[in-house]
Every structure is written in C-alpha cells, then in structure tokens.
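>>> Sequence plus predicted model, see below.
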Amino acid sequence: MTRKLLSLALGAAVSVAAVSAASAATLDDVKSKGHVQCGVSQGLPGFSNPDDKGNWTGLDVDVCRALAAAIFGDASKVKYTPLSAKERFTALQSGEVDLLSRNTTWTMTRDTALGLNFAGVNYYDGQGFMVRKSLGVTSALQLGGAAVCTNTGTTTELNVADYFRANKMQYEVVAFEKADEVVGAYDKGRCDVYTTDASGLYAQRLKLSNPDEHVVLPEIISKEPLGPVVRQGDDQWFNLVKWTLFAMVNAEELGVTSKNVDEMKGSNNPGIKRLLGVEGNFGENLGVSNEWAYNIIKSVGNYGETFDANVGPNTPLGISRGVNGLWSKGGIMYAPPIR
Amino acid sequence: MASDRAIEAYVRTEMVPEEAPPASTSGVIGWVRQNLFPNWWNAILTVVGLYLIYLVAASLIKFAFIDAVWTGTDGSYCRHDNNRGKVPQGEPIGACWAYVKAKFGQFMYGFYPEMARWRVNLTYVLGIALLVPFAIPSVPYKLWNAILLFGVYPIVAGILLSGGSFGLELVETTQWGGLLLTLVIGITGIVASLPLGILFALGRRSKMPIVRLVSVIFIEFWRGVPLITVLFMSSVMLPLFLPEGVTIDKIVRPLIGVALFSTAYMAEVIRGGLQAIPKGQYEGAMALGLSYWKMMGLIVLPQALKLVIPGIVNTFIGLFKDTALVSIIGLSDLLGIVQTSFADANWASPTQSATAYLFLAVVYWVFCFGMSRYSVFMEELLHTGHKR
C-alpha cells in the first residue's frame, strides 16, 4: 500500500513529458503536442496581462496567438507560462517554453552569449521621463539636481546614471522594488522625476491622482527594442516566428485587416495574393500550411490592429504609434517582402 | 423604660440593603478610571493612544468604506474625470472594491477554468469536512479520521484538482493560482514538515553517528540558505540539471523546496521540546522496558510536542506567509496574481494597489489568526502540569 502511494505521488510529481530538446525541431514538437508553450511576463499593461475572465491579452500575447494561428489555424492553441525577469531565459533554454514573448530587450549579449535568437521587434520602446508641470521643465537636460524615482536593479537605473553622467548633471536616486511603489512615491512628491520605459509611463500615469499636473518629456534616453525570442540552433522555428511578425507588418502595409481578409483573398494585388497564400508556396517553405498568414490575420489581425487593440489611443494606455508606425508613415516598422 | 425605648429607636430591626458600589469604581466608568485614567501620566498616555488610533482608524474607515467605490465595470469608475475617469474632480477616491469584485474569481482560483471551479470548491468542502471533526477533540474515531485526512484526502484532492482521470478535464498546475495555490503550497508544507521535522529532531539527538550526521547536515543546510535561494534553485537551476526530456512540474518544484525548508525549522523547534523533557522521563521509560519508538511515542514526544505548540504554530504561520515568496519565481499565488492584476490597464486607478493589498492583508490575517486561535485552544486543552 505504501509503495503504491509512493509511486502515485512520484508519478504526479515527475511528469516525464516529451519536452523538446534544445536542438530538436521545435515545430514538429509543437505540432505533436498540439499547442505553443509561450513564456509571457507576469503582467505588463498592454503587453501581457490577464483580463477579468483570466484570458491573457496584450501585444506580446498576440505574437503567441499569431504563431499558433500560423501553425494550427487556431489562435487559442497557446498555453502561457508567466515568467519573472530572472527565470525567463532559463525557461527558454531548458525547453520549458517554445517561445519567449516577454517584453525582452534585444541586446547583443542576449543575442550572442546567451544562446538565444531575437526573431524581430514587435515594439520599439525607450526610457522616458515624467515630471510635474509645476517644475517648468521642458527638457530632460534641465533636470540637474533632481530626485529621480525608479525601479531598483533594472537597466532603467543604469540608463539614468549614464545619461546624467554624460550630461554632467547631479541627481539623486529614489529606487523601489515594484512599479506601484515607484509611482506612489512620485505621486506623493518624494521625487521630482519618474523614469521608466515610455510604454510604462503611459500605463502608470493612470495611477496618478492628478495626471494633468504631469508631463512626459520629449527625450528618450535608451533604445529598448522588444521582441520575441527563440533558442539558437533551430532555424526552421526561428524563421517561422520571424515571418509571423513580418506577415503582420506586411498585412498592415497592404491594408489587409481581420475584417476584410476574406474579400482580400480575391484581390488582384500580387503582394496580397502571395501573403494570403493564393499564389506561391510560402507557407510550405516555413513548414506550415499556405494559409498561414491568412489564419494569422483572420484570427489575430495585422500589426496595426493588435497595436490599437492593446496599447493604442483608444485603450486606457493611449499610446500613439510614433516610431512603431509603418516605415511608410513615419515610423520604423518595416518588413521584408513576401516573394 | 422610656430610656429603653429611646435606645430601641436606635436599633434597626432589618438589615441595611446592600448599596451598589460608588459609580466611580464600578461599571464602565469605574473600568475606565481604573484602567485608562488611574493617574496623570497614564491619562496622558491614554489620550495620546486614543488619538493615534483615531488617526489610523478614521482614515482607514474613510478609505475602505466611506469613499470606497463599490460598483463599476472598469477602472474609470475609480479615477477622476481629468484622468479619463468618472469620479468628479475634487471628490476623494477610496478603495476600488469594484476592481476586487471583478478580479475576485482570479484571486481565489488563478487561471483555473471557470467551468471546473466547482472541483476546487468540492476539494475545500471535503477538506473542511474532514479537518473540523479532526480538530475538535471530543469527536470520536480519530484514527479513521486521520487515515482519511492524511492518507485518502491528498489523493482525492490531487485527482479532483488536476483531473485527467475519472472523466474530469485535465487542469494543468500552471493554471492553478490565487488562494488555491497559496493553500496548496502552505498546507502541503505544513503537513509534510511536522512528521519530517519530528524525524530529523529525533535523528539529531540519536546515538547513531550516521543518522545524527545526516540530520545535522540536512538541518544546517536548509537553515543556512534563504528561502528565496531555495526557490530560485528549484525554478532556475534544477531544470538545467535534469536530463533532457524530464521536467518536474513547475508547482511541485517549489512545493518540495518549501516543505524541506520548513522541515529544518520544525526539526529545531521540536528538538527544543525534546531537550526540555527531564532525563528521568527517558530513564523511567527505559526502566519499564519500552523500546526506543515506544518510549518516544508514548512518553517523550507527547510531552515535548505539547510544550512547543507555540513554536510549531509559529513555524506554520511563518510558512503560510512565506508562500507569498513563490510569486518571485513566476507562480501566481495569492500575492502573485494580485500583482499580475495590476497590469490590467482597464482597471488602472490611483487606489488600485492599495485596495488590493488591503484585501490581501485581510485574507492572510484571517488564515493566520485562525491558526493562532486554534493553537491557543490546544494549549488550554493540554495545559496539564506546566500552566501557571
């Protein structure tokens, strides 16, 4: 009896699942288990957060959903693993997740030394400053001697140090562990400046008691290109994730949306025909069906749609496209052509 | 005669009725005088103390009840109208209970599918139905109760919660969260640490050198590392050590870590109790010809455990609260899921986090206070011989 219990307990504890080895074909693996295991953040407004019903939503989440749509034709075949910043790379390296879509900044070290590949950029972020209007400051260069509220132990803190040192300004850091503490301290006037990634500034502004009294300064002091990450050494999977992003950007550029995608299948534009799989074998070359991009657009939408739905001007975050606009509209979102 | 009468006039024939004590020493006024204002410095302390209580309580009540927002469908109900909200500017905004209400299911069950939440509730009901009679000393059949509670119940709970058999839909442990996960980790830790702790405490006092050495190394190792390190090891390092193709469940990893960690503390608490038992008790037991296990089980441990009930419960409560640390390794326990919900921009408001933390504090307090009261009850019951 005891032995039986023991084996039961052990069986429950050690589930020997067929986890993809780092070098094996992730795509075959994903196809056989029937879902994409996606690593997301534990909660970042507009990028990955659960809604009231417990469904994950956000810009990063939409990358996972688009990938599932490309593979299975069904955007809901994703399982999410919320990961903290510290464990995210291990989770990817050990095969616990197939894809890391967790507002991860593309840096050289991560791309090279960590054995990871960044499959593209789905949001160009950068660190910004918010100050009280009453300070009368219009540029970050006037912030000499200011007390700066920020998160502890992040690149944010280092960027501030670099920026102030480069411009020979004095400053004082008031650092907290959690974003909520930082914004609370700033709101209560413990510091003059609140700095974090610009997308975060927009999200936290809603938590200020009187946002009219605050202004975001024009300077962006760091480059934070955020994008999905895969393991090195699996080019097929890398290509699929990369082209999933490109397909969404191309769709926006070609004016294909989730609403008109069915009509667009009859379009005469050769670019649209190739994108939607009416012409050519582009999907098969990726290892998925030729309808891959159609499925992405139909169930998730093009890049502009997901941007507007998650962080755009009509959401509580109200972020304008800015650099994240299409290259043809003043931004830097640019995708190689499908041909 | 006349003088007799005169004297008689002074003698009462009936007893003087008992008078109530002076108003100044009895009742509410008397209590207040005696306890709050017995002399001038105590009076000053009382006034200052009352003022401090008033400061805290008044603003807390104002925040949590008077200014609170009870209904709403998104964060705009808890923001001022200059902040894309619905509250007129200048009006105070208190706790945003509408947000806790909207997220309540998530706080309780995490990402557990709504359709399957009855299974969690059933697990709770079964657990309570077994625990309550077990915890009340006068209810008979303790042995059967214990077998059901510690032997059968964990298996039933495991089947109910994870499903995958008996026609129940499979719910992966990654979907567990909120209070459910906190309780799973906390209760598993509590249930595992007490028996293991007793074993290691006995092992550390054993005369067998290897057993003693192993126990000392185990206890000192786990006491020597912070719980956060253990959790990081379990979630970040362990997957790298395991052979490819083998994964240990993301919940089970910290579960084992927390259980072993609290075992070490429990062992030391119990060793303290063992040391308090006079040598005569051991010698007496041995003189009666009892074997080691009988001596421990019948004579020493019942006395030792009774002595260290406060310490044991202290460890339990500490363990229950320490489960909040698992949110650092990406598990959505009660604290983790609450912090995750801060990221929902639909509910962003100035009082969002304060409300959620207030709610959290109440939930944790209810559980910890419950444990604490039960331990007081057990101490009263078992106070034979050492209570003053």
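Sure, I can see it. Residues are numbered from 1 along each chain as shown, chains lettered A, B, ... in the order given.

>>> ok, so what distance separates whichever residue of the stretch 101-250 of chain A sits closest to chain B from B:T46?
Nearest to chain B in the stretch 101-250 of chain A, going by Cβ to the nearest Cβ, is A:L206, at a distance of 3.6 Å. Every C-beta, even on glycine, is put in place using the N, C-alpha and C of the backbone. Between A:L206 and B:T46 the computed distance is 44 Å (Cβ to Cβ, to the nearest Å).

>>> In terms of neighbours, single out the busier of the two.
A:L206 (26 against 15; other Cβ atoms under 10 Å in any protein chain shown).

>>> what does the domain assignment say about the chain?
Chain wasn't specified; assuming chain A. A:14-124+A:225-329, A:127-222 (automatic domain parsing).

>>> hmm, I had chain B in mind actually
Here the domain parsing of chain B from automatic domain parsing is B:25-66, B:113-170, B:176-331.

>>> So is the longest one next to chain A?
Just to be clear, that refers to domain B:176-331. Yes - using Cβ under 8 Å from any Cβ of the partner chain, domain B:176-331 reaches chain A at B:232, B:235-236, B:239-240, B:242, B:244-250, B:252, B:256, B:327-330.

>>> Export the domains of chain A to CSV and append columns for mean pLDDT.
Output for the domains of chain A, formatted as CSV (pLDDT from 0 to 100):
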stretch, mean pLDDT
domain A:14-124+A:225-329, 90
domain A:127-222, 87
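
>>> Identify, out of those domains, the most deeply packed stretch.
domain A:14-124+A:225-329 (a mean of 20; mean count of other Cβ atoms under 10 Å in any protein chain shown).

>>> Quick one: distance of that one to the chain centre.
Centroid separation between domain A:14-124+A:225-329 and its chain, computed with Cα atoms, centre = their mean, to the nearest Å, is 9 Å.

>>> can you point me to the longest helix in the chain?
Since you didn't name a chain, this refers to chain A. If you go by DSSP state H, chain A has its longest helix at helix A:235-253.

>>> Chain B was what I was after
helix B:352-381.

>>> For the residue in the stretch 101-250 of chain B positioned nearest to chain A, what is the enclosing helix or strand?
In the stretch 101-250 of chain B, the residue found nearest to chain A is B:P239; the distance is 3.9 Å by Cβ to the nearest Cβ. Using DSSP states H and E, B:P239 sits within helix B:238-241.

>>> Report the distance from that helix to the chain centre.
For helix B:238-241 - counting by Cα atoms, centre = their mean - the centre lies 32 Å from the chain centre.

>>> next SSE after that helix?
Helix B:238-241 is succeeded, C-terminally, by helix B:252-276 (DSSP H and E).

>>> elements contacting that following helix?
Using 3 or more Cβ pairs under 8 Å, 6 or more residues apart in numbering or on different chains; DSSP states H and E as the contact test, the elements touching helix B:252-276 are helix A:2-13, helix B:178-204, helix B:209-224, helix B:227-232, helix B:301-307, helix B:309-322.

>>> circling back: name the surrounding residues that touch the helix holding B:P239.
A:T90, A:A91, A:Q93, A:S94, A:E96, B:T247, B:I248, B:R253 (Cβ atoms under 8 Å, 6 or more residues apart in numbering or on different chains).

>>> rewinding a little: need the nearest residue in space to the residue of the stretch 101-250 of chain A closest to chain B, chain neighbours excluded.
Setting aside the residues directly before and after it, A:L206 is nearest to B:A348 in space (Cβ to Cβ, 6 or more residues apart in numbering or on different chains), at 3.6 Å.

>>> so that neighbour sits right up against A:P316, yeah?
Yes - taking contacts as Cβ atoms under 8 Å, B:A348 lies within contact range of A:P316: 5.9 Å.

>>> and for these two, which residues touch both?
Joint contacts of B:A348 and A:P316 (Cβ under 8 Å, 6+ apart) are A:P45, A:L206, B:G75.

>>> Save the residues you listed as a markdown table, and put in distance to B:Y292 too.
Putting those into a markdown table (distance: Cβ to Cβ, whole Å) gives the following:
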| residue | distance to B:Y292 |
| --- | --- |
| A:P45 | 61 |
| A:L206 | 66 |
| B:G75 | 64 |
